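>>> this is a predicted model, with the sequence first.
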Amino acid sequence: MSEGAAKKEERRKFQAIKGTRDLLPPETALWNRVEQTAHAIFSTFGFGEIRVPIFEPTELFARSIGQDTDVVSKEMYSFADGDETSVSLRPEATASVCRAYIEHGMQSLAQPVKLYYMGPMFRRERPQKGRYRQFYQIGAEVLGGSDAPAIDAEVIEMVMTFFDRLELQGVQLDINSIGCRECRPKYVELLRAELLKVKEKLGADSQRRIETNPLRVLDSKLESEQSIIAKLPHIADHLCEDCATHYAAVKHQLEMRGVIYRENWRLVRGLDYYMRTTFEITAQGLGSQNAVCGGGRYDGLVELLGGPPTKGIGFAIGEDRLILSLQESGKVPAPKGRDVYIAWMGEKARATAIRAAKHLRKAGFSVELPPVEQRFGKALGQADKLGARFALILGDNEVSEGLWTLKTLADGSQTKFTEADLLEHLRKSV
Ligand code: AMP
């Protein structure tokens, strides 16, 4: 390498890895609001927060999500840990929550156990608007107890309540039942047979899926396949009696809760562990990646991971997309500037300014205390830039008189206050 090239390399600017991004203020205020709303709503439904590790044995995901799914076969960030065991960054959290349920013997707690989580997930997908390699999910799982349709309906009601509280626009809930271990394989075979008849008319992806996962053909967005897919048999007509009864009851329970849904027979989920109830929620302003939430029932999963037979249902919300949709529809809190900028000059004033900042912050106000002395003109300019509502002016006069000047930046008016009166005044006006 030439000296010049080496220098250039040394000065190389680093950038966030493709598909990852920084979340910055003021946008992070919206993220916090969304997360706080989730904590508040989910706890009213009796859910407790679980935090699971960011990485787990690769085998946990391979076994639960399915070896043949895109997530496991193509998209996981896997690496050998020191002792050669393969570990992966979590592509989702349901498997981890089930592992934790087994590991902590949660089946001996009152059933069902209701848990929620939030945090980053990792999938090596092709990045685009609403699709990232590090993205964030907020999800919940109900594990154990019965598979009563009311549980499915209440979980869905909880997500819809959450979206409603956030004033998410254009929310559309699609539901379906994809049957159980008894009836689904028979339907899948029927579907495969029908697909083979029209194989030549299908695209390469769908042709491949006839063998690997025919249900996923129903997911296809390819324009040329739509008229073919429309003629395929519907799973609703091939559910076993138990599944059909369960599905009808879920719909009834949703109606009792005033939850508006649309039946979508083509809704199948990309992960292997789902059975019976599946659902997806879309929202406005997201283009092609418009699903903000996906979920469903997964009764066999805990057992598959070595636990006792356990019922399960859950969902995962794509937080990035939720935020995007809120931003697109303008449901964004106004960025909050500082409440008070302390413009101080002189050593005596500095001591008073430090004390004032301490008191104001303790009272909950957002305070900017410049670290070095500034001329008042510059200080007021800075206060303006930061969107401060008030400037507290502390100079020699103010300190010796014990009367502090408060300037309202919007109209330029100034009033003098004693320290105690100032706090009272701010409390009333901020
Ligand atoms: P899934 O875990 O695949 O069922 O996805 C649940 C939800 O997570 C989806 O409806 C999306 O909102 C979100 N999601 C999944 N993958 C991504 C991704 N790569 N980037 C952003 N959001 C995603």
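It's in. Residues are numbered from 1 along each chain as shown.

>>> which residue sits closest to whichever residue of the chain sits closest to the ligand, ignoring its sequence neighbours?
Scanning the chain for proximity to the ligand using CB to the nearest ligand atom identifies Gly318 as nearest, at 2.0 Å. In short, each C-beta sits where N, CA and C put it, glycine included. Leaving aside its sequence neighbours, Gly318 sits nearest to Val292 (CB to CB, 6 or more residues apart in numbering; 5.5 Å).

>>> hmm, back to that, beta-bridge partners for the residue of the chain closest to the ligand, please?
Under DSSP bridges, the beta-bridge partners of Gly318 are Gln137.

>>> hmm, back to that, can you give me the mean pLDDT across the strand or helix carrying the residue nearest to Gly318?
Using DSSP states H and E, Val292 sits in strand 291-297. Averaged across strand 291-297, the pLDDT comes to 96.

>>> for the helix or strand following that strand, buried residues please.
Following strand 291-297 in sequence order, the next helix or strand is helix 301-304 (DSSP H and E). Residues of helix 301-304 classed as buried by neighbour count (16 or more other CB atoms under 10 Å): 301-302.

>>> numbering from 28 from now on, please.
Right, with 28 as the first residue, what we last looked at is helix 328-331.

>>> can you dump the C-alpha coordinates of helix 328-331 into PDB?
Extracted in PDB, the C-alpha atoms of helix 328-331 (Å, rounded to 0.1, in the frame of the first residue of the first chain):
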ATOM      1  CA  LEU A 328     -43.500 -25.400  20.200                       C
ATOM      2  CA  VAL A 329     -42.500 -25.800  23.900                       C
ATOM      3  CA  GLU A 330     -42.700 -29.500  23.500                       C
ATOM      4  CA  LEU A 331     -40.600 -29.400  20.400                       C
END
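
>>> now the most centrally placed residue in the chain: how far from Gln161?
Nearest to the mean C-alpha position of the chain, by CA atoms, centre = their mean, lies Glu346 at 2.5 Å. From Glu346 across to Gln161, the span is 12 Å (CB to CB, to the nearest Å).

>>> now do Pro139
Counting by CB to CB, the gap from Pro139 to Gln161 is 31 Å.

>>> out of the two, which sits in the more crowded spot?
Neighbours of Pro139 and Gln161, each counted by other CB atoms under 10 Å, are more numerous for Pro139; the result is 21 against 16.

>>> for the more buried one, which residues are in contact?
By CB atoms under 8 Å, 6 or more residues apart in numbering, Pro139 lies in contact with 169-173, 178, 338.

>>> among those residues, which ones are in strands?
Among the contacts of Pro139, the ones falling in strands (DSSP state E) are 169-170.

>>> of the contacts of Pro139, select the buried ones using a PyMOL command.
The following PyMOL line selects those of the contacts of Pro139 that are buried, judged by 16+ other CB under 10 Å:
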select buried, resi 169+170+171+172+178+338
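
>>> just the pLDDT for the residue nearest to the centre of the chain.
Glu346 is given a pLDDT of 98.

>>> correct me if wrong: it contacts Tyr163.
Yes - Glu346 is within contact range of Tyr163, at 3.9 Å (criterion: CB atoms under 8 Å).

>>> and Thr442, what helix or strand is that in?
strand 441-444.

>>> pull that strand out as PDB, backbone CA atoms only.
Extracted in PDB, the C-alpha atoms of strand 441-444 (Å, rounded to 0.1, in the frame of the first residue of the first chain):
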ATOM      1  CA  GLN A 441     -38.900  39.800  31.400                       C
ATOM      2  CA  THR A 442     -40.000  39.500  35.000                       C
ATOM      3  CA  LYS A 443     -38.000  39.400  38.300                       C
ATOM      4  CA  PHE A 444     -38.600  36.700  40.800                       C
END
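
>>> off-centre distance for it?
46 Å (CA atoms, centre = their mean, to the nearest Å).

>>> which elements pack onto that strand?
strand 431-435 (3 or more CB pairs under 8 Å, 6 or more residues apart in numbering; DSSP states H and E).

>>> buried stuff in the strand it packs on?
431-434.

>>> any low-confidence regions in the stretch 178-327 of the chain?
297 (pLDDT under 70).

>>> how about the residues of it by the ligand?
297, 318-321 (CB under 6 Å from any ligand atom).

>>> just the stretch 28-177 of the chain next, same as before
119, 150, 152, 157-159, 162, 164.

>>> only the buried subset of those residues, as a ChimeraX command please.
Of these, the buried ones go into a single ChimeraX selection, burial set by 16+ other CB under 10 Å:
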select :119,150,152,157,158,159,162,164
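
>>> so for stretch 410-425, mean pLDDT?
Mean predicted confidence for stretch 410-425 is 94.

>>> typo on my end, stretch 359-371
Stretch 359-371 comes out at a mean pLDDT of 88.
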